[in-house]
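A.B. asks: Generate a structure from the sequence data that follows.
(one chain, ligands or ions: 1)
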Amino acid sequence: MSARRTPTPEQAEIVASYRTGQDLVIEAGAGTGKTTTLKMLATATPGRKGTYIAYNRAIADDAKVDFPSNVLCSTAHGLAMRAVGRQYRHRLDRGRVPARAAARILRINEPLAVGDKILSPTQQVYLVNEMVKKFCNSNATEITGKQVPRKPGLDSDGDMRVLQAALVPLARRAWEDLTRRDGRLRFEHRHYLKIWELSKPRLPVDYVLLDEAQDANPVIASIVESQDHAQRIMVGDRNQAIYGWNGAIDAMANFKGKRLQLSQSFRFGEAVAEEANKWLTFLGADLRLTGFERINSAVEPIDYPDAILCRTNAQALTQAMAALRQNIRVALVGGGARLSKLAEAATSLKAGIGCDHPELFAFTSWGQVQDYVEQDPDAEDLAGMVKLIDEVGAEKVIEAVDQLTDERYAALIISTAHKAKGREWNSVQIASDFGEPKPNKDGSPSNVSDEEAMLSYVAVTRAKLTLDRGPLEYIDERLGLAVR
Ligand SMILES: Nc1ncnc2c1ncn2[C@@H]1O[C@H](COP(=O)(O)OP(=O)(O)OP(=O)(O)O)[C@@H](O)[C@H]1O
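C.D. replies: The predicted structure is shown next:
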């Protein structure tokens, strides 16, 4: 339990605004004591009941210890489990349903011709599962063609029309099974969350706090927004909205509430704050961070950082392999299972036996995958992995993943910036795959997208003491600052 803090002027203003009962949108910059501030609200009104909706279970568990008893701290899944999920517990406890069995349950008996490709019944099941997943993570009220995924090699207009006609009825059939207590398909946590949302739940509380609202699952945002009997408080940092590609939305963007800021960082000192502010300036944000005067941080090269942050998974694995060669105990945040699965898929595609990897199953040979990533500019992360597998061999990738250490025992942590969300380390090095986008054909500097700038902002703000910004130094030139 942390000690009582004297509120900063910003925190005091947030508490005063909260007391008026109006809806609030709190823009909380990196390391600005968000949880402490929300606790201040809860303790200011011991007679009011609230719910704090955390981004994940670990944060919810920490919050349970920290928040007073008038606030129920939970993930949205936890709330949904209490409300409706219990009825389905027996289904959750059941194991996986093999794709072939799911095909039988869904009565998919025939292969499906899509352009020059033939999708087997089990491949159709994979696509149906993705559609149901997408539906469950959205605020949609029914399954439509919108949920049909665009798959590498199966994404021409004609392909999409065929897929929609065939798959929408199947996905509806799957959802019908999933909403029944006696259904037979594999039942997952997202399913009871969606069932709960569709029931239009009303939380029996005076206020609702939604954390990490800038990257909200639309189904959760929809639940919070509909609690109009309660005071709704969205908290987050819109400059850290880095999961849009995965369907997350910024629930703060259009939400009407009094806008307030937390800009005093307690995580790092002025030097890191200054670096963060460059990206905020670049993004055109209103927010600017102030460093903590009690922390003396520095932006300088580091030989042995605690963490290295990469843009892509391929770079993260390349860094991990380099560390393993030096016998450094290294951990990859999120583990390496996805990478070794990709390497396994490469091996079976090279052997000409196809694969059931969710990203690659439209391909029948490794050559097709190589062609695809060369032609599609959106396949950057996959392209990096394909290149790495081609360079070092699938076996070496699998071997490296096997040698990774648990984070608790690691001397070095490697992460993508995406997976570093919410984390912090004393010393952080930015990897070489960050950096200025390739210049245009005429040699002029190309645009840096907001997405790229947000990811850079997230990356630099993970450092507490020392930041080695590496290639991100290009921001100085972009802002017309004197280059260090
Ligand atoms: N008014 C304050 N005075 C001094 N320290 C504070 C104050 N408010 C917060 N802090 C400190 O800031 C640190 C981070 O706070 P907190 O744990 O609330 O942040 P968080 O919610 O985990 O995440 P974030 O760092 O992203 O805001 C803690 O050590 C906390 O004690």
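A.B. asks: Identify the residue nearest the residue in the stretch 1-150 of the chain that the ligand sits nearest to in space, chain neighbours excluded?
C.D. replies: Going by CB to the nearest ligand atom, the ligand is nearest to residue 33 of the stretch 1-150 of the chain, at 2.7 Å. C-beta: built from backbone N, CA, C; applies to glycine. In this structure, residue 33 finds its nearest non-sequential neighbour in residue 266, 5.1 Å apart by CB to CB, 6 or more residues apart in numbering.
A.B. asks: Any chance of the backbone angles for that neighbour?
C.D. replies: Per-residue torsions, residue 266: phi -110, psi 0 (degrees, to the nearest 10).
A.B. asks: mind checking which helix or strand residue 340 is in?
C.D. replies: Per DSSP states H and E: residue 340 is located in helix 337-350.
A.B. asks: just checking, what packs against that helix?
C.D. replies: The contact analysis (3 or more CB pairs under 8 Å, 6 or more residues apart in numbering; DSSP states H and E) places helix 337-350 against helix 313-325, helix 366-375, helix 380-392, helix 394-402.
A.B. asks: try 7 Å this time
C.D. replies: For helix 337-350, the elements it packs on are helix 366-375, helix 380-392, helix 394-402, judged by 3 or more CB pairs under 7 Å, 6 or more residues apart in numbering; DSSP states H and E.
A.B. asks: Contacts only, for the residue nearest to residue 33.
C.D. replies: Residue 266 makes contact with 31, 32, 33, 292 under the criterion CB atoms under 7 Å, 6 or more residues apart in numbering.
A.B. asks: Likewise for residue 198?
C.D. replies: If you count contacts by CB under 7 Å, 6+ apart, residue 198 has them with residue 141.
A.B. asks: Distance check, it against the ligand.
C.D. replies: 31 Å (CB to the nearest ligand atom, to the nearest Å).
A.B. asks: and the gap between that residue and residue 246?
C.D. replies: From residue 198 across to residue 246, the span is 22 Å (CB to CB, to the nearest Å).
A.B. asks: just to revisit the earlier point, which outside residues touch the helix holding residue 340?
C.D. replies: By CB under 7 Å, 6+ apart, the surrounding residues in contact with helix 337-350 are 313, 317, 354-355, 357, 360, 363, 365-366, 369, 385, 389, 394, 397-398, 401.
A.B. asks: can you check stretch 177-194 too?
C.D. replies: 76-77, 80-81, 84-85, 87-88, 91-92, 96-97, 102, 105, 132-133, 136-137, 174, 195, 219.
A.B. asks: run the last query once more with 6 Å
C.D. replies: Stretch 177-194 has contacts (CB atoms under 6 Å, 6 or more residues apart in numbering) with 77, 80, 84-85, 87-88, 91-92, 96-97, 102, 105, 136, 195, 219.
A.B. asks: Which residue ranges of the stretch 1-150 of the chain form strands?
C.D. replies: Counting by DSSP state E, counting those that start in this stretch, residue ranges of the strands within the stretch 1-150 of the chain are 24-28, 50-54, 71-75, 112-114, 117-119.
A.B. asks: Pick out the shakiest of those, pLDDT-wise.
C.D. replies: Among these, strand 117-119 carries the lowest mean pLDDT, at a mean of 91.
A.B. asks: Okay, now the sheet partners of it, with direction.
C.D. replies: Taking DSSP bridges as the criterion, strand 117-119 forms sheet pairs with strand 112-114 (antiparallel).
A.B. asks: Name the residues of the strand it pairs with that are buried.
C.D. replies: 112, 114 (16 or more other CB atoms under 10 Å).
A.B. asks: secondary structure class for residue 234?
C.D. replies: Judged by DSSP: H, G, I helix; E, B strand; the rest coil, the three-state class of residue 234 is strand.
A.B. asks: Could you give the residue of the stretch 301-450 of the chain that lies closest to the ligand?
C.D. replies: Closest point on the stretch 301-450 of the chain to the ligand, by CB to the nearest ligand atom, is residue 422, at 6.8 Å.
A.B. asks: where does the residue nearest to residue 220 when sequence neighbours are not counted land on pLDDT?
C.D. replies: Spatially, and ignoring its direct neighbours in sequence, residue 220 is nearest to residue 76 (4.3 Å; CB to CB, 6+ apart). At residue 76, the model reports a pLDDT of 95.
A.B. asks: same check, this time on the one 4 residues further on
C.D. replies: On the pLDDT scale, residue 80 is placed at 96.
A.B. asks: List the residues that contact it.
C.D. replies: Contact analysis of residue 80 by CB under 6 Å, 6+ apart lists 192, 193, 196.
A.B. asks: What's the local residue count around the first one?
C.D. replies: When neighbours are defined as other CB atoms under 10 Å, residue 192 has 25 of them.
A.B. asks: Also residue 255?
C.D. replies: When neighbours are counted by other CB under 10 Å, residue 255 comes out with 19.
A.B. asks: How much space separates it from the ligand?
C.D. replies: 20 Å.
A.B. asks: To which secondary structure element type does that residue belong?
C.D. replies: Residue 255 ends up coil, using three-state DSSP.
A.B. asks: Distance of it relative to residue 235?
C.D. replies: For residue 255, the distance to residue 235 equals 11 Å [CB to CB].
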